[in-house]
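Student: what's the 3D shape of this:
(one chain, ligands or ions: 3)
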Amino acid sequence: MKPFKNLSISFFYFFVSALIFISLLAYAARFDIKNNCNITIWAAAVPGGGRQINPGGTWSLEVSPNSVQSGNRIWARTECIFNGSGVGKCQTGDCGGLFQCQEYGAVPLTLAEYSLDQFENKDFYDISLVDGFNVPMVFNPTSPECLGIDCTGDLNGNCPTELKAPGGCYSPCTVFKTKEYCCIGADCKATNYSMFLKGGCPGAYSFPKDDATSLYSCHSGSNYNVVFCPLGSL
Ligand SMILES: *[C@@H]1O[C@H](CO)[C@@H](O)[C@H](O)[C@H]1NC(C)=O
Ligand SMILES: *[C@@H]1O[C@H](CO)[C@@H](O)[C@H](O)[C@H]1NC(C)=O
Ligand SMILES: *[C@@H]1O[C@H](CO)[C@@H](O)[C@H](O)[C@H]1NC(C)=O
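Tutor: Ligands and ions are numbered 1, 2, ... in the order given. As a prediction, the model looks like this:
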């Protein structure tokens, strides 16, 4: 009897592990993050960490359902230098000097934001310029029935002088810190600066309450593509 009992216990553990594994696979979303820029990008993701992506390279990032389901973001870091312990600095998007990001990046940066499997089993996703702009991007679900978001305008080259930053373009809130530009209080609406940002990236959030034209949803289970510099050079 004894060997038989042990066998059924190991079957039981096998069965449970297989169930856990299958449930992870069923809901994990894959983000293929491609660097189409002609410079190296240090991609960053919370959750996910970071990866150096040479021109033409891709980082396939699996986000499991066990990770945080909302407030997730992916962005590009530029002009980074790290030492052998993964400590250093980036000109844009720096996350506390770590190669493997655990916290959000420093402004200015173009953000791909998403929340997986929210109410009605939907994913919600957007590109945000609320923290400024560093690298153009597209953010596309792989499910053909869900809409992709383009942020391909040259917001660095066209950045108003007063918003210019090394390697990027600040948001007006970062520079002027006024209620109007930071959308504090009831009167949160588009401004001349947010309209400039929106002009380069029509699908992106250009100010905090820009939801009507900027928040997208897709049934959960889709995968996603993030492409930095979709049109080629930065
Ligand atoms: C990397 O830099 C950090 C911070 O300056 C330092 O603590 C660490 O020892 C350095 N690691 C290497 C391998 O140089
Ligand atoms: C936006 O409006 C402010 C205040 O009227 C003005 O100083 C600024 O030059 C304008 N900026 C742009 C980009 O139009
Ligand atoms: C990338 O492309 C831009 C625009 O065409 C060009 O000015 C720049 O020199 C290129 N950089 C590299 C590293 O090839």
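Student: give me the contact list for stretch 185-201.
Tutor: With contact meaning Cβ atoms under 8 Å, 6 or more residues apart in numbering, stretch 185-201 is reached by 110, 127, 129, 133, 136, 150-155, 158, 160, 163, 171-172, 179-181, 204, 206-210. (Glycine included, C-beta is placed from N, CA and C.)
Student: what about the residues you listed, which are in helices?
Tutor: Judged by DSSP state H, these include 172, 179-181 as members of helices.
Student: among these, who's most crowded?
Tutor: Among the ones in helices among the contacts of stretch 185-201, the one with the most neighbours (other Cβ atoms under 10 Å) is residue 172, at 23 neighbours.
Student: now do stretch 102-111: distance to the chain's middle.
Tutor: In terms of Cα atoms, centre = their mean, to the nearest Å, the gap separating the centre of stretch 102-111 from the centre of its chain is 9 Å.
Student: enumerate the beta-bridge partners assigned to the residue positioned nearest the centre of the chain.
Tutor: Nearest to the mean C-alpha position of the chain, counting by Cα atoms, centre = their mean, stands residue 74 at 2.2 Å. According to DSSP bridges, the residues that bridge with residue 74 are residue 45, residue 112.
Student: list the contacts of residue 114.
Tutor: Counting by Cβ under 8 Å, 6+ apart, residue 114 touches 72-74, 123-126, 224.
Student: of these, buried ones?
Tutor: The neighbour count (16 or more other Cβ atoms under 10 Å) marks 72-74, 123-126, 224 as buried among those.
Student: follow-up on the earlier one: just put the contacts of residue 114 in JSON lines and tack on distance to ligand 2 and pLDDT.
Tutor: Shown next, in JSON lines, are the contacts of residue 114 (distance: Cβ to the nearest ligand atom, whole Å; pLDDT from 0 to 100):
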{"residue": "72", "distance to ligand 2": "31", "pLDDT": "95"}
{"residue": "73", "distance to ligand 2": "27", "pLDDT": "97"}
{"residue": "74", "distance to ligand 2": "28", "pLDDT": "98"}
{"residue": "123", "distance to ligand 2": "34", "pLDDT": "93"}
{"residue": "124", "distance to ligand 2": "30", "pLDDT": "93"}
{"residue": "125", "distance to ligand 2": "28", "pLDDT": "95"}
{"residue": "126", "distance to ligand 2": "23", "pLDDT": "96"}
{"residue": "224", "distance to ligand 2": "32", "pLDDT": "98"}
